[in-house]
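In: predicted model and sequence follow; I will ask about them next.
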Amino acid sequence: MKNADLLVALACVLAFASCRPEPAGPGARPTPEQVAWQQMEMNMFCHFGPNTFTGAEWGDGTEPEDCFYPTDLDCRQWAATARAAGFKGIILTAKHHDGFCLWPSPESRHTVAQSRWRDGKGDVLRELSEACAAEGLQFGVYISPWDRNDPRYGTPAYNGAFVRTLESVLDGTYGPVFEQWFDGACGEGPNGKQQVYDWPLFNETVARLQPRAIIFSDVGPGCRWVGNERGEAGRTNWSTMEIEGYNPGAGSPPVEVLNTGTPGASRWVPAETDVSIRPGWFWRASETPKVKCVQELLQIYYSSVGRNSLLLLNVPPDTRGRIDPVDSLRLMEFRAALDTVFATDLAAGAKTSGKDAENVLSSDYDRYWSLPAGKTQGTLTLELDGPKTFNRILLQEYIPLGQSVSAFHLEVLGENGVWQTIARETTIGYKRIVLTDPVTTTAIRLVIDEALFTPSLTRMALYYDPFA
C-alpha cells in the first residue's frame, strides 16, 4: 500500500472511531451473539414429553416409554405458528426431569427409541430442527441435568454421562443451536441421591460444540433467569450481574438480584423472562379454558420485552403433537394486537437538535445519538409535526457500548408552554417501553438524570395502545 493510500485509510478509521465513541465507564459489554439474541425479542418455549400424556407437571422417571405417543406430530405446524406469531426461535424440552429423551440418546434407555411411537425410529429433535430451518426460525434445546430415571444420577459417573448426552444433541446432528437452556433443578434420582453438577464442564461442552449458543441458567453465562415465572422483569433491569460464587439452582443469586441485575457489574448476563400461555407448563385439556387472554399477553410483553428482557413464551403441544387451536388463535390475536399498537410511530417526522440526534428516529439500530463525551446528564427533545396523542414511549440504548442510564424522566410540552413530567423510570437497556395515560402534545423530551457513563440512544418512538 502506498503512503498516500495508507494515510487515507488511517483517516477513515479515525473518522469512524470519532463517530462511534466508546464510553469509558464501568460494566461489561455484550458479545455480538448476545446482541443478536436480545434483538430476537420473543421466542417460543415448547414443553413436550411424557408429562403431556400423563398430566404430570414433573414426571418421576418411572413412566413407561410407550406413554409417549403423539398421534399426529407436526413440528412444521409448531414452527409455522411460531413464525406467524412473531417469534424468532423455538426452544424444546428435549429432556425434562423425568429423564425421557425426545431423541434416541445413546446414553439412555428412556427415550423415543424405546417407545412405540414411529416404531421406535422417531426423533422429535430432528423433526423440529428441520421445521425451524424451513420456517426461518432458530432452534434451541432445554436439557435438564436432573434425571429421575438414570441409575447413575447421584454418582460421579453421571456428570460424564450428562456430557455425552449434551454431545449427542450439540455435535451438529441437529444443526446450529442458538440457546442451550439449563434448569438448575437438583432433586433425588432413582437411588435417592442428589447429584453434584459439574457446571464448568457442562458449560465448556456447550461452548466447544456450539460456540455461538447462548447458555441460559440462573447465572448464565449467556443469559439469566428473571427470577419468576409470572412474565415480569424488574422495572429496574440491568443486563449486567456478578456471577462469581454462584451456581444455578440452590446456589443462585437472590431473586431480587435475578430480577434487577447489578449496575456496572463485570459480566453481561441479560434477563430472559419465561412464562406459560397456560397455568401449567405441559398441555392439559382441563387448562384450555384458562389460556391467557390478549390483554394478559400484552401486559407480559410490556413487562418483559418492554423492560430490557427477552420473552420466552411457553406454548405446549397437545397429545396429537400439535399446537392446540385455542393457543394458536390466541397467538394470532396477540400478534395482531402488537401490530396494531406498533403500526405507526407518532414521532416520525419530528425535528431534533444536536449532533446525531436525528438518529433516534431511524430504524437502523447501528445509528445512535450520544451525550457529549464525559456527560451523564442531558436532554433529547422531539418537536413533533403537530399535536400527537400517545400512551407508549419506546426507548433503546445502543447496547454494544454497554448499558448506562440509571434514572430518567419524560416531559411533554403543555398548552401553556410549560414542560410537564409524565413518567419517571430508572433503566433503559436494549428496549424500554414506558406506559403512560394518553397524552396529547406537540413536543416531548427525554431527560437523563443519572447514568454510569456517557449514554448512547438508538431509538425514541411514540405509539398509541388502543387496548389499554
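Out: Great, that's in hand.
In: number of residues surrounding the nearest residue in space to G86 that is not next to it in sequence?
Out: Leaving aside its chain neighbours, G86 sits nearest to R335 (5.1 Å; criterion: CB to CB, 6 or more residues apart in numbering). Bear in mind the C-beta positions are built from the backbone N, C-alpha and C, glycine included. Using other CB atoms under 10 Å, R335 has 17 neighbouring residues.
In: next one: R335 from T81, what distance?
Out: According to CB to CB, to the nearest Å, R335 and T81 sit 10 Å apart.
In: same check, this time on L384
Out: For L384 relative to T81 (CB to CB), the value is 38 Å.
In: what do R335 and T81 both touch?
Out: Here R335 and T81 have no joint contacts, going by CB atoms under 8 Å, 6 or more residues apart in numbering.
In: buried residues in the helix or strand that contains I300?
Out: For I300, the element it lies in under DSSP states H and E is helix 294-304. Neighbour-count burial for helix 294-304, counted by 16 or more other CB atoms under 10 Å, picks out V294, L297, L298, Q299, I300, Y301, Y302, S303, S304.
In: which one of those residues sits closest to V418?
Out: Y302 (29.0 Å; CB to CB).
In: show me the strands in the stretch 201-350 of the chain, by range?
Out: Using DSSP state E, counting those that start in this stretch, the strands of the stretch 201-350 of the chain run over residues 214-217, 223-225, 271-276, 309-314.
In: strand partners (parallel or antiparallel) of the last one?
Out: Sheet pairing of strand 309-314 (DSSP bridges) gives strand 42-46 (parallel), strand 271-276 (parallel).
In: I428 is nearest to which of those?
Out: Of all the strands paired with strand 309-314, strand 271-276 sits nearest to I428, with 13.9 Å by CB to CB.
In: what about that closest one, average pLDDT?
Out: Mean pLDDT, strand 271-276: 98.
In: one more: stretch 101-118?
Out: Stretch 101-118 carries an average pLDDT of 98.
In: got the end-to-end distance for it?
Out: One end of stretch 101-118 to the other measures 15 Å (CA to CA, to the nearest Å).
In: repeat for stretch 58-72
Out: Terminal residues of stretch 58-72 are spaced 24 Å apart (CA to CA).
In: that one: how far from the chain's middle?
Out: Chain-centre distance of stretch 58-72: 29 Å, with CA atoms, centre = their mean, to the nearest Å.
In: in that stretch, what's buried?
Out: Buried residues in stretch 58-72, counted by 16+ other CB under 10 Å: W58, G59, D60, G61, E63, E65, C67, F68, Y69, P70.
In: before we move on, what about stretch 378-390?
Out: For stretch 378-390, using 16+ other CB under 10 Å, the buried residues are G378, L380, T381, L382, L384, K388, F390.
In: helices or strands next to the strand or helix carrying A80 in the packing?
Out: Counting by DSSP H and E, the element that carries A80 is helix 75-85. On a contact count with 3 or more CB pairs under 8 Å, 6 or more residues apart in numbering; DSSP states H and E, helix 75-85 meets strand 42-46, strand 89-95, helix 124-135, helix 325-341.
In: circling back to that earlier point, tell me who's in contact with the residue nearest to G86.
Out: A84, A85, G86.
In: remind me which residues of this structure are low pLDDT?
Out: Counting by pLDDT under 70, the chain has low-confidence residues at 1-25.
In: who are the contact partners of A337?
Out: Counting by CB under 8 Å, 6+ apart, A337 has contacts V294, L297, L298, F467.
In: outside of stretch 187-200 itself, list whatever touches it.
Out: Contacts with stretch 187-200, where a contact means CB under 8 Å, 6+ apart, come from 61, 97, 145-151, 153-155, 158-159, 162, 186, 217, 247-249.
In: list the contacts for C132?
Out: Taking CB under 8 Å, 6+ apart as the test, what C132 contacts is A79, G89, I90, Q138, F139.
In: swap that for E411, sorry
Out: E411 neighbours (CB under 8 Å, 6+ apart): W419, Q420, T421, I422, I444, R445, V447.
In: tell me the spacing between Y142 and W281.
Out: Shown here: Y142 relative to W281, a distance of 10 Å by CB to CB.
In: contact partners for the residue most central in space within the chain?
Out: The residue lying closest to the centre of the chain (CA atoms, centre = their mean) is L310, at 2.6 Å. With contacts defined as CB under 8 Å, 6+ apart, the neighbours of L310 are W37, Q38, M40, E41, M42, N43, C223, P270, A271, E272, T273, S304.
In: name the nearest of the residues you listed relative to F342.
Out: The closest of the contacts of L310, once distances to F342 are taken by CB to CB, is E41, at 11.5 Å.
In: export only the CA atoms of stretch 339-346, formatted as PDB.
Out: Once non-C-alpha atoms are left out, stretch 339-346 reads as follows in PDB (Å, rounded to 0.1, in the frame of the first residue of the first chain):
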ATOM      1  CA  ASP A 339     -49.100  -5.000  15.100                       C
ATOM      2  CA  THR A 340     -51.900  -2.500  15.900                       C
ATOM      3  CA  VAL A 341     -50.000  -0.900  18.800                       C
ATOM      4  CA  PHE A 342     -46.700  -0.500  16.900                       C
ATOM      5  CA  ALA A 343     -48.000   0.100  13.400                       C
ATOM      6  CA  THR A 344     -47.400   3.900  13.400                       C
ATOM      7  CA  ASP A 345     -44.500   5.700  15.100                       C
ATOM      8  CA  LEU A 346     -46.100   9.100  16.000                       C
END
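In: give the buried residues for that stretch.
Out: Of all the residues in stretch 339-346, those buried under the rule 16+ other CB under 10 Å are V341, D345, L346.
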